[in-house]
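Visitor: Okay, sequence plus prediction incoming.
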Amino acid sequence: MTSQTDTLSTSSTSSNFHFTLVGHIESSEGVNYLVCREGIKFPVSSLPALYPSEVVLWQAIPSTDSTGQISNLTLLNFSKINLKENQEDKCLLSGRIVQLGKKYNFAQIKVNRQGGKTLKITLLSPDRRMKVGHLWEIVAVRQGGFLHVQSGMMIEEAQNTLDENSPVLEPENQYFSELDRGLEIANIAEETEISAISLEPKSTDLLISNPADIQLPVTSKNNVPPAAEVAIAALIAETKIEDWNIGTPKQRANKAWEWNAIHPITQQRARVNILGKKPPRVYQYPLITNIDANLAENTHLVVTPLGAARGIGASCFRIEIGPYEVVLDCGSRPKGYDPLPALEYLNNPDLLIVSHAHLDHLGAVPVFHNRYPGVRIICTQGTREIAHIMLRDCLKVQSLNEDSTPLFDDVDLERTLFRLETQPVGVDFEPLPGLKVRFINAGHILGAACIYMTCGERSLIYTGDYNTTSSRTTTGLRLADLPQADILITESTYGADTHPGRKAQETALIDAIAEVIKAGGNVLIPAFALGRAQEILLAIRTSTTFHTLKVPVYVDGLVRSVTETFRENLDLLPDSVKNFLKQCNREPFFDLNGMPPIIPISNTKERPLAMAKPSVIVASSGMLSGGASVYYAKTLLERENAAIFISGYTDEESPGRLLQNLAVGDEIELDGKKITVKAQIKRFNLSAHADKIGLTQVINKVSPKHLILIHGCGNALHSLADSGDLKSKHYIHIPNVGERVEYGQAPEHISKSQIAKIELPQEFEVSVEAEVEGAWLQIPLEVVENDPRWQQLASSGIMKASWEGYHLKLSPITQKNLSSQKAIEDAVSNGENCCAVCKFYQGGSCKGEESPLFEFQVDPSGICGEFSNN
C-alpha cells in the first residue's frame, strides 16, 4: 500500500492515456451514472467495488460514439483530495490520427495502451495541422458531453506536454484498507470456486445485503448452472416478495446463466442473471396500475419516420399516440457514414417496441438504450433469442473495422439484452397506462411480429417485415389476425413485384444443385444467416434427391450460430418442423450422420476441405458483402464446374446483385481480388417478404384511413401506391425522414374530389316519393351540399339512368353530351342516310369494321359507303 500523497495512481492505465473528471455516483433503475458538477450525467460501465457517494476526482476511460459524444465511462480510481473549485476535466493522450472530418470538425485517435484494450477516441475541434496517420500528443478538455482539443503537437516535436496543473492523485489509505478487505473476500472466493458478493450496495447489479443469509453458489466449470435457490434469493432480496415461480435456466453466449420468473399472485415478471463470481442481477418488469380516464377520448396520433423512409435500412419510427411517445424499431445501416436512424427527432420517449431481429430493425437498440436507459424495450421471445446472436456479431464486425467507431460496446450490449422484455404473440398487453399493444405473427422470420397499438380512440398497425406465404421455418401472416386500424405503416420491399410459387422455386433450386453435383462440382449458396439459411437446410434435409446424391452440406459463418439458436428454440418453430423431428427422430439442422450429412465449419482451416470434393456450402452473407461466403466465392467463381446460387434479396450496390448481371468471362472484384467468372450464376426467389399481391391483401384487410408506405425503393413504393383503387380508399403517404404524418390531415397533393372519395360515405340511403307523373328520388342534403361527386353528376340538371339487373345506375350527362345529342337529332331530322341513323354508329364512334372511319369519333351527319340501317 502506498502512502498518502497528492497523486492518483496511474498503474491501472498506461502512460499514454490519462483522463480525470470531477463528480459523484448516482444510481437510477439499476444503472450507475457519474454526475458532473454542472449536472451532466454519463452512464458508468464499470467502477471500483467500493466507492464514496460524495464528489471526488475520478480517473476514467471514456467511450465516444461516431459524433464524439461520450457514451459511457469506465471508472478506474478516485481521490478525495486536492479538488479545485474551477478545476477542468482534462484528457491527456498520445495516439495516431485514424480519421478526420471533411471540415475538420472531428478527429478520431487510436490509442494503444500497454496491457490494455486499444482505444478509439473521437475529439472535436481538432488542430488543422493534424493529418491521418500522424502521431500526436493531445490535451483535451471536456465541454458538456464532448471532448475538445485544447492543444497538441506531433509526437516527433513534442517534449513534455503534461499539464503541471492536471492533478494525478492517489486514493486515501483508509479507503484502500476497505478495498483490500473486499479484494480479500474475492480472492478467497477465487480459491474455493464460489461467487464473491460485493460489500457496497450501490453498484449497477443487485447486491445481496446479507451474505451470511444465503449459501454461495459453486461456479460453473462444466456448464452447470448455479442452484435455483440463489436466483430466488436474489429475487426476494430485490423485490421483498416471496413465492416466485422460476423457469429453467438458460446459458447465454457470455457464459451468464439466466432465469425468467413470474409471481403467481401479482403476475409480476422478472429476470435474474448470474455471471461467474459477479453478484446476481435482477430486472423487474414494471407493473401498470393507474389508468387516466381521459385517455378514452384522446385522438392524438402522429407518425414520424426516423429511418427506412424512401429506402431500406435503419428502420425507426416515432409514434405520438395519446400522451405517449413510442418508438417502433431502432435499426442500423450496414455501411456508409450514416449508420443510425435520426434519433435527434426524439423528445422524451416512453417505450421502444422491436418487431424482429434483423439488424436494420434491431442494430441501434443498444445505442437507444445507452441514451435512454430508463425506457422499456419490448419484443417477442423469439426476437430476444435471436437478438443475442445478431447484436454480438454486429459488435464483433464493428470492432474489426478500423475505419469507424463502434456504435456501442460490450457494456451497452449486455445491459440491453438483459433489459429486453418479452411478450407473447397474439395476447394484448399494456406497457403504459391506457396503451394496449398486441404482437401479431408476421411470417417473416423466427419471432417476427406486426405491432398493433390502441390508445383512446386511435389505433395503428406497424407491419415490420412480413410474408403472407408460409415457409419451412415460419407460418405466414394470417389476414384474419389483422384488425382494422386508423393508420397502417407497411413495408413495401416488393411493392412492384409478384413472386413465383415458393414450392416451385425450392424444387428448381434442388434440381439445379443436383445437376452441378452430378457433374463433379461445388455449389455455394450465399444466404441470410437468419431465416433463409435454415429454410434451405430443411429443404435439403427433406429432399429425396439428396438422399441419393451422398454429398456433404457444409454450413459456415454466422449461419452456424443462428442455426444453433433455432435448435435451442424448436418450440418456436412451425408444427411442420416438430412433426419432422417426431417422424425421423433426428436433429433437424446439423446432422453429421444424416443423408446428406450437414456439417458446421468450426475452424477457418477447414474451409479448403469443404471445396476439395463435390459439396454444397451454405454460408453468410447472402449479398456476398462480407462473411464466409466471400471466401468460398473467390475460389469457386474461377471453377467451370462450380455454381453460385443467390437465394433472395440483394441491395443494388452489393456484390451479390452485381454478380447476377454478369456472364461467363466477365470480371468482378471480391475482397480486393479481381476474378474472371467461369462458374454458373443463378438466382432463386425464396423471399421472406410479401409481394405486391400480399401487400395489397394486408392493406385491404386493415382498411386504414392513412396508409404509410416505407421500407422500399422508389419504384416499389410508387408502384404499390398506384395499385388498384388504393388511392380512392386511403390517404397514401410516402414520407421522408422527419416528415410528420398526422391522423386526419390529408396530404397536400390530394385534390378535393379525391378527399371526398376517402372522407365522405360511399353509400347512402335515397328516399323515393311517388307522384302522378312519376317519382322523385330524394338525395340527402349533406351529399347535395358537400360531395363534389354529386355536383359533377348533377351539373347539367339531366342524368342518364340504366338498369343493371335490379340495380338502377345513374350517370352524368354533361354539356358536351347534350351538344352531341342535339347534333344527332338534327342529322336524323334531315332524312339522309348519315352516320346518325347507321347501325354501326355507337356512342359517337363508328363500329363498322369495313368503314375507313372504323373506331374514329364521327360527325352524326357524316356519310360513307359502308352505311347500313339493317
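Guide: It's in. Numbering: from 1, shown residues only.
Visitor: residue contacts, the spatially closest residue to Leu573 that is not a sequence neighbour?
Guide: Closest residue to Leu573 apart from its sequence neighbours, by CB to CB, 6 or more residues apart in numbering: Thr473 at 6.1 Å. All C-beta spots, glycine's among them, are computed from the backbone N, C-alpha and C. With contact set as CB atoms under 8 Å, 6 or more residues apart in numbering, Thr473 has these partners: 445-446, 531, 534-535, 538, 566, 573-574, 577.
Visitor: how much space between the closest residue to Asn736 other than its chain neighbours and Phe439?
Guide: Nearest-residue entry for Asn736: Ala309, 5.5 Å, with adjacent residues in sequence omitted and distances by CB to CB, 6+ apart. Applying CB to CB, to the nearest Å, the value for Ala309 to Phe439 is 24 Å.
Visitor: Repeat that for Ser829.
Guide: Per CB to CB, Ser829 is found 74 Å from Phe439.
Visitor: again with Leu707
Guide: For Leu707, the distance to Phe439 equals 21 Å [CB to CB].
Visitor: Look at the two and report which has more neighbours.
Guide: More crowded of Leu707 and Phe439, by other CB atoms under 10 Å: Phe439, with 27 against 23.
Visitor: The more buried one contacts Ala449, correct?
Guide: Yes - counting by CB atoms under 8 Å, Phe439 touches Ala449, with 3.8 Å between them.
Visitor: who touches both of these two?
Guide: Shared contacts of Phe439 and Ala449, counting by CB under 8 Å, 6+ apart, come down to 380, 425.
Visitor: Helix, strand or coil: sort out the spatially most central residue of the chain for me.
Guide: Nearest to the mean C-alpha position of the chain, by CA atoms, centre = their mean, lies His361 at 0.3 Å. At His361 the chain is in helix, as set by DSSP: H, G, I helix; E, B strand; the rest coil.
Visitor: Assess the claim that it and Thr463 are in contact.
Guide: No - proximity of His361 to Thr463 does not meet the contact threshold set by CB under 8 Å, at 11.3 Å.
Visitor: shouldn't Cys846 be in contact with Leu853?
Guide: Yes - with contact defined as CB under 8 Å, Cys846 reaches Leu853; the gap is 4.2 Å.
Visitor: all helices for the stretch 201-350 of the chain, in order.
Guide: Assigned by DSSP state H, counting those that start in this stretch, the helices in the stretch 201-350 of the chain fall at 228-239.
Visitor: Quick one: find the helix or strand in this protein with the lowest mean pLDDT.
Guide: Least confident helix or strand, the chain: helix 173-192 with a mean of 31, by mean pLDDT, DSSP states H and E.
Visitor: Could I get the full set of helices for the stretch 451-600 of the chain?
Guide: Here the stretch 451-600 of the chain has its helices, by DSSP H, counting those that start in this stretch, at 502-518, 532-541, 544-549, 558-568, 575-584.
Visitor: how about those, which one is nearest Ser63?
Guide: helix 558-568 (24.9 Å; CB to CB).
Visitor: Now that closest one: buried residues?
Guide: Neighbour counts using 16 or more other CB atoms under 10 Å place 558-563, 565-566 of helix 558-568 among the buried residues.
Visitor: Stretch 406-414 now?
Guide: 406-409, 411-414.
Visitor: Also stretch 515-535?
Guide: Judged by neighbour count using 16+ other CB under 10 Å, the buried positions of stretch 515-535 are 516-517, 521-535.
Visitor: roughly how far out does it sit from the chain middle?
Guide: Taking CA atoms, centre = their mean, to the nearest Å, the mean C-alpha location of stretch 515-535 is offset from the chain mean by 26 Å.
Visitor: ok, now how distant is Gly848 from Gly862?
Guide: Distance of Gly848 to Gly862, computed by CB to CB: 12 Å.
Visitor: Could you tell me the end-to-end distance of stretch 300-315?
Guide: Taking CA to CA, to the nearest Å, the first and last residues of stretch 300-315 lie 23 Å apart.
Visitor: now swap in stretch 738-752 and tell me
Guide: First-to-last residue span, stretch 738-752, CA to CA: 26 Å.
Visitor: Give me the phi and psi for Ser829.
Guide: Per-residue torsions, Ser829: phi -70, psi -20 (degrees, to the nearest 10).
Visitor: what sits against His718?
Guide: By CB under 8 Å, 6+ apart, the contact set of His718 is Ile734.
Visitor: ok, so what distance separates it from Lys727?
Guide: From His718 over to Lys727 (counting by CB to CB), the distance is 11 Å.
Visitor: Please apply the same query to Leu57.
Guide: With CB to CB as the criterion, Leu57 and Lys727 are 65 Å apart.
Visitor: which one of the two has more residues nearby?
Guide: With neighbours defined as other CB under 10 Å, Leu57 and Lys727 compare such that Leu57 has more, 22 against 16.
Visitor: Next SSE downstream of the strand or helix carrying that one?
Guide: Secondary structure from DSSP states H and E places Leu57 in strand 56-64. Next in sequence after strand 56-64, counting helices and strands by DSSP H and E, comes strand 70-79.
Visitor: Show me what that next one packs onto, helices and strands only.
Guide: Judged by 3 or more CB pairs under 8 Å, 6 or more residues apart in numbering; DSSP states H and E, the packing partners of strand 70-79 are strand 41-46, strand 56-64, helix 410-419.
Visitor: Give me the residue ranges of the stretch 251-400 of the chain where confidence is low.
Guide: In the predicted model, the stretch 251-400 of the chain carries pLDDT under 70 at residues 289-294, 296, 335-337.
Visitor: likewise the stretch 501-650 of the chain?
Guide: Counting by pLDDT under 70, the stretch 501-650 of the chain has low-confidence residues at 585-586.
Visitor: What residues does the nearest residue to Ile138 once chain neighbours are set aside make contact with?
Guide: Of all residues not flanking Ile138 in the chain, Gly152 sits nearest, at 4.0 Å (CB to CB, 6+ apart). For Gly152, the contact set (CB under 8 Å, 6+ apart) comprises 127, 130, 136-139, 161.
Visitor: One more: Ile675?
Guide: Counting by CB under 8 Å, 6+ apart, Ile675 makes contact with 634, 637-638, 667-669.
Visitor: switch to 7 Å and redo it
Guide: 634, 637-638, 667-668 (CB atoms under 7 Å, 6 or more residues apart in numbering).
Visitor: my read: the residue nearest to the centre of the chain touches Gly331, true?
Guide: Yes - using CB atoms under 7 Å, His361 is in contact with Gly331, at 4.2 Å.
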